[in-house]
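Asks: Below are the sequence and a predicted model for it; my questions follow.
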Amino acid sequence: MIKALYNKHQYFFNIFAVLALLVITRLLDGFAWYPPYPDKTKSLLLEHLFQFISFFPFIFLIIYTYGWALKRRTKTVIYSLIIFYAVFAPLFVLCFSTWLEITLLRAKTLPVTLKLIEQFTPGAGMVILFLSATYFLTYLKIQSASQREAAHNAESLVKDVQIKMFRYQINPHFLFNVLNSIYTLIDENTEKAKKLVLDMSDYYRYTLTKQKECVSIESEIESIIKYLEIQKTRFEEKFQYEISVDEAVRPLLIPSFIIHLLIENAIKYGTKTTKQKLLVNLSVKLVKKDLFIRVSNTGKLLELPTNNEKNTEGTSNGIDNLKNRLALYFGDNYSFSLEEVDEWVFATIEINNIITQ
């Protein structure tokens, strides 16, 4: 519970601890160097307690304003805030702690003069700079932890992708259907059977070979054509496909198998939701620096199961996995949509500012 509370409010606890340490250090310094005078201990304790109280609001100001500046990613604003706090915070602390002494203790204190400000400012300014440094060190620590967590999640995701990929690659149902088709065609149409064997061989050569995490769109399309030709041989006149790919996009790199998943889903669920001829279209276009990948098929959009329902088809997991991989490679520069319009299902991936060289 304490660890969870600390992790949630790391900035506050770290800056609070540093402030407490610095005030205690200044207190001990006062005990060591101030000459003896009546009620020295009580006077120093109260003086530094009031200083601590005066510094305390700056913990929240630092956390809020530096956080705001870092989100804006403007160095000028960050530097300006650091200078502002280092210059004006000591004046506030001196005036407020003096007011506390007068108000609470009814004590006579030295008036806040220019000379007193000059004496107080360097030490108090260093306290503020230490608090600022603590904030940025905590920020770097949190960022480093986030990057390590992201790297761990990415590694786990890659392993999960590899496991699911091999399940997808060696789909027994798909393989048995293809083998049955070959067996039927051997006597009916030998040339067609030979072509089906070659297509299946090329397809599995691509899918079973250890793939790089990213592949060219051209390589992905070549494998997809083999897959679609296999399906065309299986379904004959009940299936038709069309592919449109801009030449400019062919060398571009994308995470492997993301288009495969969309094509497989289009055929798998298209055959379940339409009694007419299944039409599957693939379009890959580059508009300025934005890549658009769209897979459409005749049929209806099946409602994906919720998190509480058992997913026997694996579609939701497949789409979630696809989104996670896109987020891993492209961050916020991508979008994915799945919709049904006029008995057509459209799955669209848009990647903004894709690297074209």
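Replies: Sure thing, it's come through.
Asks: How is Ile254 assigned, secondary-structure-wise?
Replies: strand (DSSP: H, G, I helix; E, B strand; the rest coil).
Asks: oh, and call the first residue 46 from now on, that's how I've got it
Replies: That works, and once the first residue is 46, the last one we named lands at Ile299.
Asks: do you know how far it is from Gly315?
Replies: The gap separating Ile299 from Gly315 is 23 Å, by CB to CB, to the nearest Å. Heads up, the C-betas are built off the backbone N, CA and C, glycines and all.
Asks: Out of the two, name the residue with the larger neighbour count.
Replies: Taking neighbours as other CB atoms under 10 Å, Ile299 and Gly315 compare with Ile299 leading, 24 against 20.
Asks: Relative to Thr319, how far out is the more buried one?
Replies: Taking CB to CB, one finds Ile299 at 28 Å from Thr319.
Asks: cool, and Leu174?
Replies: Distance, Leu174 to Thr319, using CB to CB: 69 Å.
Asks: With Asn366 instead?
Replies: Asn366 is 26 Å from Thr319, by CB to CB.
Asks: and if you look at Ile266?
Replies: 25 Å.
Asks: Neighbours of Ser382, how many?
Replies: Ser382, neighbours per other CB under 10 Å, totals 10.
Asks: again with Lys160
Replies: Residues near Lys160, counting by other CB under 10 Å: 9.
Asks: Would you list the phi and psi of it?
Replies: phi -70, psi -40 (degrees, to the nearest 10).
Asks: A helix includes Asn398, no?
Replies: No - per three-state DSSP, Asn398 lies outside any helix segment and is coil.
Asks: show me where the stretch 296-402 of the chain has strands.
Replies: Listed in chain order, the strands of the stretch 296-402 of the chain (DSSP state E, counting those that start in this stretch) span 298-300, 323-332, 335-343, 379-386, 389-396.
Asks: For Tyr251, which of the ones you listed is the nearest?
Replies: strand 298-300 (14.8 Å; CB to CB).
Asks: Does Thr319 touch Thr343 like I think?
Replies: Yes - counting by CB atoms under 8 Å, Thr319 touches Thr343, with 5.0 Å between them.
Asks: any residues in contact with both of those two?
Replies: Residues within reach of Thr319 and of Thr343 at once, by CB atoms under 8 Å, 6 or more residues apart in numbering, are Glu388.
Asks: hmm, back to that, and Leu174 and Thr319? which has more neighbours close in?
Replies: Thr319 (18 against 14).
Asks: Leaving aside the residues adjacent along the chain, what's closest to the more buried one?
Replies: Of all residues beyond its chain neighbours, the one nearest Thr319 is Gly344 (4.1 Å), with distances taken as CB to CB, 6 or more residues apart in numbering.
Asks: Domain map for the chain?
Replies: According to automatic domain parsing, the chain comprises the domains 47-195, 215-396.
Asks: ok now the last one, how far from the chain's centre?
Replies: Translated: domain 215-396. In terms of CA atoms, centre = their mean, to the nearest Å, the centre of domain 215-396 is found 26 Å from the chain centre.
Asks: repeat for the shortest one
Replies: In terms of CA atoms, centre = their mean, the gap separating the centre of domain 47-195 from the centre of its chain is 34 Å.
Asks: Next one: Ile400 from Ile308, what distance?
Replies: Counting by CB to CB - Ile400 and Ile308 are separated by 24 Å.
Asks: Between these two, point out the one with more neighbours.
Replies: Taking other CB under 10 Å, Ile400 and Ile308 do not tie; Ile308 has more neighbours (23 against 10).
Asks: My guess is the more buried one contacts Val340. True?
Replies: Yes - counting by CB under 8 Å, Ile308 touches Val340, with 5.9 Å between them.
Asks: Now list whatever residues contact both of the two.
Replies: In contact with both Ile308 and Val340: Val325, Leu327, using CB under 8 Å, 6+ apart.
Asks: re earlier: which of the domains of the chain sits closest to Leu202?
Replies: Nearest to Leu202, of the domains of the chain and by CB to CB, is domain 215-396 at 5.8 Å.
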